[in-house]
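K.L.:
Here's my sequence, what's the structure:
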Amino acid sequence: MDNGQRRLKSFLTPAFMKGILLTLIIALVAKYISTFPFFSILGQLVIAIILGMAWRAAFKVQDTWQTGITFSSKKLLRIGIILLGMRLNLMDIYNAGASVFLIAFINLVFALLVVYGLTKVFHVDKKLGILTACGTAICGAAAVVAIAPQIKANEKETAVGAAIVALLGTVFTLVYTVLYSVFNLTPTEYGIFAGGTLHEIAHVIAAASAGGNEAIDMAVIVKLTRVALLVPVAIVIGILYRRMDKKQEKEGFSLSIIPWFILGFLAMSAINSLGIVPANVAQTFVNTAYILIGMAMAGLGLNVDIKTFKQLGVKAFIAGLIGSVCLSILGYVLVIFMR
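P.N.:
Residues are numbered from 1 along each chain as shown. Presented below is the predicted three-dimensional model:
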């Protein structure tokens, strides 16, 4: 029996399958809960993390299940991110015009620099600071888990980072919805504002709904423009982090800094943009992606307890909160300036 067969046999055990099954059940329950009012703002990915943490707090997770849970949080996560590319149509971004792309780009770069700078001021761990900044700037929890392998963040740092940006996004979604009437923006402008400053796609849709379908359509386009920028940002962060890490710098260049699964995400986006795949099939891919990423989030939650979040997450949350307020102000000013 060769090494590949031995490895496969070690995976296909009852305990391994139980670990995967647990994350699947949590992901499906999270998806169901997210269909209810208010919980739809949180989104199924955020709920999956919370349920995972709650399970760990209430029940003992068998050590023998850990291999399956880790498989979900790492391997299935990457497959899910690749499939999520089917949500992105690059032509929609192109047709929206240069000004929309510019707003999304400025917001992203601003949030990255400001939030990461604030985490340095508050003495947040470097890796958690990067994850919080990326989640705030790009696309919430999905960005956190996509960037984590680039900086070799552990599961606790990844889960805490995802939970922080998810909580921030939920708070700001509620604030945007309440204050919509005083923003003095047209539905299209409000869509650009929400899509350019909120964290998760679920947050963007929930907040933009206050402005009607026109606002929702524009908000999603702007948000997906930020999602598309995940690919170059991940590559750049991988290179920069490698240079900052003295141990890795001595090793020289390595193909490991290239996030192949994110390039897979971009390839799927290109396929969707060409119209090769029917819309209903593309949606099936997206739904499957969210289940797989939900399983990964459940796996992350199962490895984090409340004490860990309190120890690692409070300062990072404060930094993210201040940074998000600054991002909202900038986003509003940009929309007004580019009228």
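K.L.:
Just name the shakiest helix or strand of the protein by mean pLDDT.
P.N.:
helix 246-251 (a mean of 52; mean pLDDT, DSSP states H and E).
K.L.:
could you point out which element follows it?
P.N.:
Next in sequence after helix 246-251, counting helices and strands by DSSP states H and E, comes helix 260-273.
K.L.:
Can you list the neighbours in contact with that following helix?
P.N.:
78-79, 81-91, 146, 228, 230-231, 234-235, 277, 282, 285 (Cβ atoms under 8 Å, 6 or more residues apart in numbering). Any C-beta I mention is one placed from the backbone N, CA and C, and that applies to glycine too.
K.L.:
May I see the buried residues of it?
P.N.:
Phe261, Ile262, Gly264, Phe265, Leu266, Met268, Ser269, Asn272, Ser273 (16 or more other Cβ atoms under 10 Å).
K.L.:
residue boundaries of the helices in the stretch 201-339 of the chain?
P.N.:
Using DSSP state H, counting those that start in this stretch, the helices of the stretch 201-339 of the chain run over 201-208, 213-228, 230-244, 246-251, 260-273, 279-301, 306-337.
K.L.:
elements contacting the second one?
P.N.:
Applying 3 or more Cβ pairs under 8 Å, 6 or more residues apart in numbering; DSSP states H and E, one finds that helix 213-228 makes contact with helix 90-96, helix 98-121, helix 187-197, helix 201-208.
K.L.:
Now do the first one: everything it contacts.
P.N.:
What it means is helix 90-96. Val100, Phe101, Met218, Ile221, Val222, Leu224, Thr225, Ala228, Ser269, Ala270, Ser273.
K.L.:
quick one, what contacts the second one?
P.N.:
By Cβ under 8 Å, 6+ apart, the contact list for Phe101 reads Ile93, Thr225.
K.L.:
The same query, at a cut-off of 6 Å, please.
P.N.:
Counting by Cβ atoms under 6 Å, 6 or more residues apart in numbering, Phe101 touches Thr225.
K.L.:
In the helix or strand hosting Leu168, which residues are buried?
P.N.:
Leu168 is part of helix 155-179 when elements are defined by DSSP H and E. Buried positions in helix 155-179, judged by neighbour count with 16+ other Cβ under 10 Å: 155-170, 172-173, 176-177.
K.L.:
before we move on, what about stretch 293-313?
P.N.:
Applying 16+ other Cβ under 10 Å to stretch 293-313 flags 293-304, 309, 312-313 as buried.
K.L.:
next one: stretch 19-27
P.N.:
Gly19, Ile20, Leu22, Thr23, Leu24, Ile26, Ala27.
K.L.:
for stretch 119-138, same thing?
P.N.:
In stretch 119-138, counting by 16+ other Cβ under 10 Å, buried: 119, 124-138.
K.L.:
before we move on, the earlier item: which pair of the contacts of helix 90-96 spans the longest distance?
P.N.:
Using Cβ to Cβ, the pair of the contacts of helix 90-96 lying farthest apart is Met218 and Ala270, separated by 22.8 Å.
K.L.:
Please tabulate the contacts of helix 90-96 in TSV and include distance to Ile50 as additional columns.
P.N.:
Listed next are the contacts of helix 90-96 as TSV, based on distance: Cβ to Cβ, whole Å:
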residue	distance to Ile50
Val100	33
Phe101	34
Met218	30
Ile221	29
Val222	27
Leu224	25
Thr225	29
Ala228	28
Ser269	29
Ala270	34
Ser273	34
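K.L.:
Can you tell me which of those is closest to Val325?
P.N.:
Distances from Val325 to these, taken by Cβ to Cβ, are shortest for Val222, at 19.2 Å.
K.L.:
The closest residue to the closest one other than its chain neighbours: what's it in contact with?
P.N.:
Using Cβ to Cβ, 6 or more residues apart in numbering and skipping residues adjacent in sequence, the residue nearest Val222 is Gly195, 3.0 Å away. Counting by Cβ under 6 Å, 6+ apart, Gly195 makes contact with Val204, Ala219, Val222, Lys223.
K.L.:
ok, now Glu157?
P.N.:
Lys127, Leu128.
K.L.:
which SS class is the closest residue to Leu108 other than its chain neighbours?
P.N.:
Of all residues beyond its chain neighbours, the one nearest Leu108 is Ala137 (4.8 Å), with distances taken as Cβ to Cβ, 6+ apart. Counting by DSSP: H, G, I helix; E, B strand; the rest coil, the backbone at Ala137 sits in helix.
K.L.:
I figured Ala137 was touching Phe110, is that so?
P.N.:
No - counting by Cβ atoms under 6 Å, Ala137 does not reach Phe110; the two are 7.9 Å apart.
K.L.:
name the element Arg78 belongs to?
P.N.:
Going by DSSP H and E, Arg78 is in helix 77-84.
K.L.:
helices or strands up against that helix?
P.N.:
helix 260-273, helix 279-301 (3 or more Cβ pairs under 6 Å, 6 or more residues apart in numbering; DSSP states H and E).
K.L.:
what sits against Ser34?
P.N.:
Applying Cβ under 6 Å, 6+ apart, the residues near Ser34 are Ser40, Gly43, Gln44, Ile47.
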